[in-house]
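> After the sequence you'll find the predicted model.
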Amino acid sequence: MSMFQQLKNKGVITRPADTNGAINIIGAGTVIEGEIKSNGDVRIDGTIRGSVTSKAKVVVGSTGVVEGDVFCQSADISGAIKGKTTVSEMLFLKSNARINGDIHTGKLVVEVGASFTGNCSMGSVIKDMKHGDRSNEKLAEKTA
């Protein structure tokens with residue numbers, strides 16, 4: 001019997017392995033050029049040159065760099081982001097986080113030492129942004 005089966009039989013594994021629960025790790029020293037889209041969590045310890053979109057959580061480790069926009073449900077940032085950061089729930093900037101670009105988030109937690117350059121919009125702005133696009137489309141349809 002494999003170790004995985006032993007752990008499963010003991011009830012240690014509580015979540016089924018599916019795409020929604022996937023954890024994607026970009027290791028230190030890895031450079032990816034292109035867009036990343038995921039339904040699961042994404043951890044970045046390397047460098048991404050392109051946008052990162054996740055329906056779950058994005059973690060940028062202390063060695064991680066994202067040179068592009070980040071869109072996700074929640075985020076913990078210890079590394080660097082050079083682009084717009086849009087987080088629908090909570091954005092947590094750890095002490096060595098560096099963000100150069102605008103932030104749009106539901107809630108923001110900033111540790112002492114973290115830095116960002118750009119504008120910050122918080123609270124219901126995210127919800128308004130999502131619904132605002134649709135209402136403009138409907139308005140355009142009615143007037144056209």
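That came in fine, so what should we check first?
> Next one: Leu91, what pLDDT does it get?
If you check Leu91, the pLDDT there is 95.
> can you count the residues close to it?
By the criterion of other Cβ atoms under 10 Å, Leu91 has 28 neighbours. For glycine as for every other residue, the C-beta is placed from the backbone atoms N, C-alpha and C.
> these two touch, right, it and Val70?
No: at 9.4 Å, Leu91 does not count as touching Val70 under the criterion of Cβ atoms under 8 Å.
> what residues are shared contacts of the two?
Shared contacts of Leu91 and Val70 (Cβ atoms under 8 Å, 6 or more residues apart in numbering): Thr85.
> Could you check stretch 32-51 and say which residues are buried?
By neighbour count on 16 or more other Cβ atoms under 10 Å, the buried set for stretch 32-51 is 36, 38, 41-48, 51.
> what ranges do the helices span in the chain?
3-9, 125-143 (DSSP state H).
> how close does Ser74 sit to Lys57?
Here the criterion is Cβ to Cβ, to the nearest Å. By it, Ser74 lies 5 Å from Lys57.
> where does this protein have low pLDDT?
In the predicted model of the chain, residues 1-21, 124-144 satisfy pLDDT under 70.
> if we go to 50?
Where the chain drops to pLDDT under 50, the residues are 1-19, 125, 128-144.
> Name the residues that touch stretch 83-90?
Residues from elsewhere that reach stretch 83-90, judged by Cβ under 8 Å, 6+ apart: 51, 66-75, 77, 91, 99-109, 126.
> What subset of these is buried?
Buried by 16+ other Cβ under 10 Å: 51, 66-72, 74-75, 77, 91, 99, 101-106, 108, 126, out of the contacts of stretch 83-90.
> Just the ones in strands from those, please.
Counting by DSSP state E, the buried ones among the contacts of stretch 83-90 place 66, 70-72, 74-75, 77, 91, 99, 103-106, 108 in strands.
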